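> structure for the following, please:
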Amino acid sequence: MLVAQRIESYGYPAESHYVETEDGYVLNMFRIPHSPKLNNAKEANRPIVFIQHGLFSCSDCFLLNGPDDSLAYNYADRGYDVWLGNARGNIYSRNNTKISLNHPNFWSFSWHEIGAYDLPAMIDYILDLTGQEALHYVGHSQGCTTFFVMASFRPEYNAKIKTAHMLAPPIFMGNVSEGLVVGLAPYIGTPGTGSELLQNQVFLPWNEVIQRLLDTACSNEPFVHEYCKTLALMWGGGVGNLNVTLLPQVAETHPAGISTNQGIHFIQNHVSNEFRQYDWGTKKNLAKYGSEVPPSYDLTKITSMVYLYAGPADASANLKDIARLPEYLPHHELLEIDDPTWGHLDFIFALKVKEVINDVAIGLFFTSRAWAVTCLKKEAHAHL
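Below you'll find the predicted structure:
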């Protein structure tokens with residue numbers, strides 16, 4: 001069962017939209033335009049929220065908790081026009097109008113390109129279609145990384161963001177303790193033979209046979225269920241507060257596929273302890289960037305109102321690393337989850353995700369409106 005079917009199975013309207021990036025990737029977005037609980041289909045100018053998934057994931061992850069506890073439905077039930085994005089290379093976005101899926105150049109991208117091209121294309125499409133000037137953004141994990149890329153590399157997009165909610169943002173990564181990142185760092189964390197052999201390829205490809213095997217392995221039978229918990233451990237650092245009854249549904253569409261460059265790029269940032277562009281090695285860096293090392297993103301250009309959500313037990317987005325961000329952000333709020341066991345996947349799949357994350361993020365919309373009014377008053381006063 002894929003996104004539109006999931007949405008419609010609970011009585012919500014679902015729309016599928018396609019947008020082409022400037023480098024030819026065709027991205028499939030999904031929309032919940034209104035809620036059947038509110039009878040608000042004809043209500044004009046509903047606030048828009050655009051939700052973007054993390055690494056190895058896709059738009060399904062924001063639906064799997066069902067209509068009571070999933071972020072997408074919770075927003076719809078509060079009157080939002082909900083849009084779910086899908087980055088290039090995952091199961092919904094595997095077309096390009098200029099190159100074949102089977103060509104190595106198709107996979108020659110990292111999360112830099114997702115932030116520089118995919119997010120702007122999807123945001124422009126949404127705003128053009130709805131006639132609105134700005135929207136709310138919610139990202140999980142890589143969905144935060146790509147937002148930071150967009151808002152710093154293409155800072156004109158800050159004007160199109162009302163609020164940005166960063167759930168477990170891996171930006172600076174020097175303190176990350178996630179096993180795969182730490183374990184692979186000596187081999188592919190700096191340019192060399194290891195990264196050259198692995199880059200520009202599909203990693204964890206999705207196909208129906210593999211997904212059906214995973215779905216079976218993640219059934220509710222106690223023995224095989226332990227295998228699926230191991231998958232969660234590899235993907236997000238552990239089961240933690242995870243609603244393990246969701247694992248069979250997660251396995252239907254996850255892992256959704258990425259370019260190997262995305263993983264290598266994260267590991268490079270862990271080794272450098274900087275937030276910068278992909279490191280191709282000295283020779284190619286000089287040709288591409290004009291410097292021996294890749295340039296760092298200028299985070300001071302991010303003028304959006306940014307809410308940073310940090311989990312104390314998050315091995316992929318460490319609280320110490322997240323605490324470095326406020327000094328660069330003129331408008332921000334750092335929200336530490338008051339649960340010492342809260343981990344990386346808990347932000348989307350925890351048993352208590354609605355009360356701990358979803359209700360807070362939705363409630364901050366009203367705070368952001370007050371913040372915007374205050375800014376407008378200050379600006380008006382400055383011109384007196």
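
> not counting sequence-adjacent ones, nearest residue to residue 301?
Sequence neighbours aside, residue 155 is the residue nearest to residue 301 in space, at 4.1 Å (criterion: C-beta to C-beta, 6 or more residues apart in numbering). Placement of C-beta: from N, CA and C, glycine included.

> my read: the one you found touches residue 304, true?
No. At 9.5 Å, residue 155 does not count as touching residue 304 under the criterion of C-beta atoms under 8 Å.

> neighbour count for these two, which is higher?
Between residue 155 and residue 304, counting by other C-beta atoms under 10 Å, residue 304 is the more crowded of the two (23 against 15).

> okay, now the unreliable bits of the stretch 251-384 of the chain?
Applying pLDDT under 70 to the stretch 251-384 of the chain picks out residues 366-384.

> strands of that one, start to end?
In the stretch 251-384 of the chain, the strands defined using DSSP state E, counting those that start in this stretch lie at 258-259, 306-310, 332-336.

> strand 332-336 and the second one, what's the angle between them?
Here strand 306-310 runs at an angle of 20 degrees relative to strand 332-336 (axes from the mean of the first three to the mean of the last three C-alpha atoms, to 10 degrees).

> note down every partner strand of strand 306-310 and its orientation.
The partner list of strand 306-310 in its sheet, established with DSSP bridges, is strand 161-167 (parallel), strand 332-336 (parallel).

> next one: the first one
The partner list of strand 258-259 in its sheet, established with DSSP bridges, is strand 202-203 (antiparallel).

> re earlier: for residue 268, find the nearest of the strands of the stretch 251-384 of the chain.
strand 258-259 (13.9 Å; C-beta to C-beta).

> run through who's touching that closest one.
The contact list for strand 258-259 (C-beta atoms under 8 Å, 6 or more residues apart in numbering) reads 55-56, 89-90, 107-110, 200-204.

> right, so the strands paired with strand 306-310: which one is the most enclosed?
strand 161-167 (a mean of 26; mean count of other C-beta atoms under 10 Å).

> and the residue nearest the centre of the chain?
residue 143 (1.8 Å; C-alpha atoms, centre = their mean).

> which elements pack onto the helix or strand containing it?
Secondary structure from DSSP states H and E places residue 143 in helix 142-153. Applying 3 or more C-beta pairs under 8 Å, 6 or more residues apart in numbering; DSSP states H and E, one finds that helix 142-153 makes contact with strand 48-52, helix 111-113, helix 119-130, strand 135-140, strand 161-167.

> let's see that with 6 Å instead.
helix 111-113 (3 or more C-beta pairs under 6 Å, 6 or more residues apart in numbering; DSSP states H and E).

> which residues of the stretch 251-384 of the chain fall in helices?
260-272, 282-289, 319-322, 346-349, 353, 359-382 (DSSP state H, counting those that start in this stretch).

> just say helix, strand or coil for residue 89.
Under DSSP: H, G, I helix; E, B strand; the rest coil, the three-state class of residue 89 is coil.

> mind checking how far it is from residue 180?
Residue 89 sits 18 Å away from residue 180, going by C-beta to C-beta, to the nearest Å.

> rewinding a little: save the strands of the stretch 251-384 of the chain as JSON lines, and put in distance to residue 37 too.
Formatted as JSON lines, the strands of the stretch 251-384 of the chain follow (distance: least, C-beta to C-beta, whole Å):
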{"stretch": "strand 258-259", "distance to residue 37": "35"}
{"stretch": "strand 306-310", "distance to residue 37": "26"}
{"stretch": "strand 332-336", "distance to residue 37": "27"}
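
> residue 13: how many residues sit nearby?
Neighbours of residue 13 using other C-beta under 10 Å come to 15.

> ok, now which ones touch it?
For residue 13, the contact set (C-beta atoms under 6 Å, 6 or more residues apart in numbering) comprises residue 33.

> is it in a helix, a strand, or coil?
At residue 13 the chain is in coil, as set by three-state DSSP.

> can you check the one 3 residues further on too?
Following three-state DSSP, the label given to residue 16 is strand.

> look up how far residue 351 lies from it.
Counting by C-beta to C-beta, the gap from residue 16 to residue 351 is 30 Å.

> ok, the two, which is more surrounded?
Remark: of residue 16 and residue 351, residue 351 carries more neighbours, 16 against 12, as counted by other C-beta under 10 Å.

> how about the nearest residue to the more buried one, chain neighbours excluded?
Sequence neighbours aside, residue 243 is the residue nearest to residue 351 in space, at 4.7 Å (criterion: C-beta to C-beta, 6+ apart).

> right, and that neighbour touches residue 348 too?
No. Applying C-beta atoms under 6 Å as the test, residue 243 and residue 348 come out as separate, 9.9 Å apart.

> those two: which is more packed in?
Between residue 243 and residue 348, counted using other C-beta under 10 Å, the more crowded position is residue 348 (29 against 20).

> quick one: contacts for that one?
Contacts of residue 348 by C-beta under 6 Å, 6+ apart are 61, 140.

> next one: the residue nearest to residue 60 when sequence neighbours are not counted from residue 75, what distance?
Using C-beta to C-beta, 6+ apart and skipping the chain neighbours, the partner closest in space to residue 60 is residue 253 (4.6 Å). Residue 253 sits 20 Å away from residue 75, going by C-beta to C-beta.

> quick revisit: would you mind measuring from the residue nearest to residue 351 to residue 249?
Residue 243 sits 10 Å away from residue 249, taking C-beta to C-beta as the criterion.

> what residues are up against the residue nearest to residue 139 when sequence neighbours are not counted?
Closest residue to residue 139 apart from its sequence neighbours, by C-beta to C-beta, 6+ apart: residue 52 at 4.5 Å. Contacts for residue 52 were tallied using C-beta under 6 Å, 6+ apart; they are 85, 139, 143.
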